[in-house]
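Q: predicted model, plus sequence, below.
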Amino acid sequence: MDILFLEPVFKEMVWGGSRLKDFGYNIPSGKTGECWAVSAHPHGDCLIQNGTYKGWHLSRLWEEHRELFGNMQGDKFPLLIKIIDAKEDLSIQVHPDDCYAAECENGSLGKTECWYVLDCDENATIIIGHHAKDKAEMKQMIEQKRWTEFLREIPVKKGDFFQIEPGTLHAIKGGTLILETQQNSDVTYRVYDYDRKQNGQLRPLHLKQSLDVLKAPFILHTQNNIESSLKAPGITCLENCRYYTVWKIDVTGKTQFEAPAPFMLLSVVEGFGEINGTLIKKGDHFILPSGYGPVTLTGKPKLIASTP
């Protein structure tokens, strides 16, 4: 059974940079903010690079060969994997849950996501959450633009991991490189954007929707003693929620496991090696289809993997 290698889709952003070159990519400009590494979303649909389905979009493969994905139910491919290069701060934003998105965003999925920090500048920070005690105070602080008082800014370092639940105020800040695992959704509500202009115009905010979905007070997501079916040397389970399970895989010589159901997404974020004899290197993204079977990773690659 073929491993399905994917061709990323790149997105230029006002806050983007050029660090995605470090993955061996031919990026469109020095303002490239996102690599959509595994995506079947209409805003960025990856092509299969190899094998029987070479040249197919992932969305078509999902529609026409659901057996490759364990005959999983649902009209949309469940996950979207990105690498985000934030040269400058992203907007302060929030995502809706499934119910709100379905009702208000033409049947879209909501957006639960998580971040693995691939690299960051010294003294880098991110924003997760806020300091308002309730919805009324939150609305007041936003309307009065009391950002310093309102925003919960925390330090980050390489290797940190964060789960971002819907309704959580958040922002990736400048100097940070992140791998993001998320629901297959492109719904984002901007709360504040530093009064930045794009093509001479302020980027639009979405204050009504933001106030609808933001949760107050902020409650920090914690995850202890995560249960996972995947147990092998070098494998750490980072998150196990209703939408995905995410692992970090550090190979030092050899790591073996059975590919989990219904299918597995993998991104090589450092180093190089082999998977069942096939060469893999930093910047590769691939899918192990349903029923793939035993996996042997060799060499010294580091990967982030997920299943829905």
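A: Cool, the structure landed. Here the structure is a predicted model, which means the values were calculated and not measured.
Q: got the phi and psi for Q163?
A: For Q163, the backbone dihedrals (degrees, to the nearest 10) come out as phi -100, psi 130.
Q: dig out what it forms beta bridges with.
A: C114 (DSSP bridges).
Q: quick one, what contacts it?
A: Each residue near Q163 by Cβ atoms under 8 Å, 6 or more residues apart in numbering is listed here: 112, 114, 221, 223, 239, 241. For every residue, glycine as well, the C-beta is placed using N, CA and C.
Q: low-confidence ranges in the stretch 151-300 of the chain?
A: 224-225 (pLDDT under 70).
Q: check contacts around P260.
A: Here P260 is in contact with 229-230, 245, 307 (Cβ under 8 Å, 6+ apart).
Q: that one and L80, how far apart?
A: 19 Å (Cβ to Cβ, to the nearest Å).
Q: now render the contacts of P260 as CSV, adding distance to Q140, neighbour count and secondary structure.
A: Converted to CSV, the contacts of P260 look like this (distance: Cβ to Cβ, whole Å; neighbours: other Cβ atoms under 10 Å; DSSP: H, G, I helix; E, B strand; the rest coil):
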residue, distance to Q140, neighbour count, secondary structure
S229, 46, 12, coil
L230, 46, 18, coil
T245, 39, 21, strand
T307, 42, 22, strand
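Q: looking at those, spot the one nearest N71.
A: T307 (14.7 Å; Cβ to Cβ).
Q: what is the nearest of the contacts of Q163 to V38?
A: C114 (14.3 Å).
Q: so what's that closest one scoring on pLDDT?
A: At C114, the pLDDT value in this model is 97.
Q: sticking with the closest residue to Y53 other than its chain neighbours, tell me its helix or strand.
A: In space, and not counting its chain neighbours, Y53 is closest to L61: 5.6 Å by Cβ to Cβ, 6 or more residues apart in numbering. L61 belongs to helix 58-64 when elements are defined using DSSP states H and E.
Q: residues of that helix that come out buried?
A: 58-59, 61-62 (16 or more other Cβ atoms under 10 Å).
Q: pipe the residues you listed into a markdown table and attach distance to I280 and pLDDT per row.
A: Listed next are the buried residues of helix 58-64 as a markdown table, based on distance: Cβ to Cβ, whole Å; pLDDT from 0 to 100:
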| residue | distance to I280 | pLDDT |
| --- | --- | --- |
| L58 | 19 | 98 |
| S59 | 24 | 98 |
| L61 | 20 | 98 |
| W62 | 23 | 98 |
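Q: so who does L109 touch?
A: 76, 98, 101-102, 183-185, 187.
Q: hmm, which two among the residues you listed are most spread apart?
A: Farthest pair in the contacts of L109, by Cβ to Cβ: A102 and N184, 13.4 Å.
Q: comparing those two, which residue is more hemmed in?
A: Just comparing A102 and N184: by other Cβ atoms under 10 Å the higher neighbour count belongs to N184, 22 against 14.
Q: where's that one relative to D75, distance?
A: Taken as Cβ to Cβ, the span from N184 to D75 is 11 Å.
Q: got it, and P96?
A: From P96 to D75 the distance is 18 Å (Cβ to Cβ).
Q: could you do W56 as well?
A: Distance from W56 to D75, by Cβ to Cβ: 18 Å.
Q: go on, I226?
A: 29 Å.
Q: more neighbours, the two?
A: Neighbour count, other Cβ under 10 Å: between I226 and D75, I226 has more, with 14 against 7.
Q: so where do the helices sit in the stretch 51-200 of the chain?
A: Ranges of helices within the stretch 51-200 of the chain are 58-64, 98-104, 135-143, 147-150, based on DSSP state H, counting those that start in this stretch.
Q: quick one: closest of those helices to Y192.
A: Nearest to Y192, of the helices of the stretch 51-200 of the chain and by Cβ to Cβ, is helix 147-150 at 6.3 Å.
Q: name the helices or strands packed onto the closest one?
A: helix 135-143 (3 or more Cβ pairs under 8 Å, 6 or more residues apart in numbering; DSSP states H and E).
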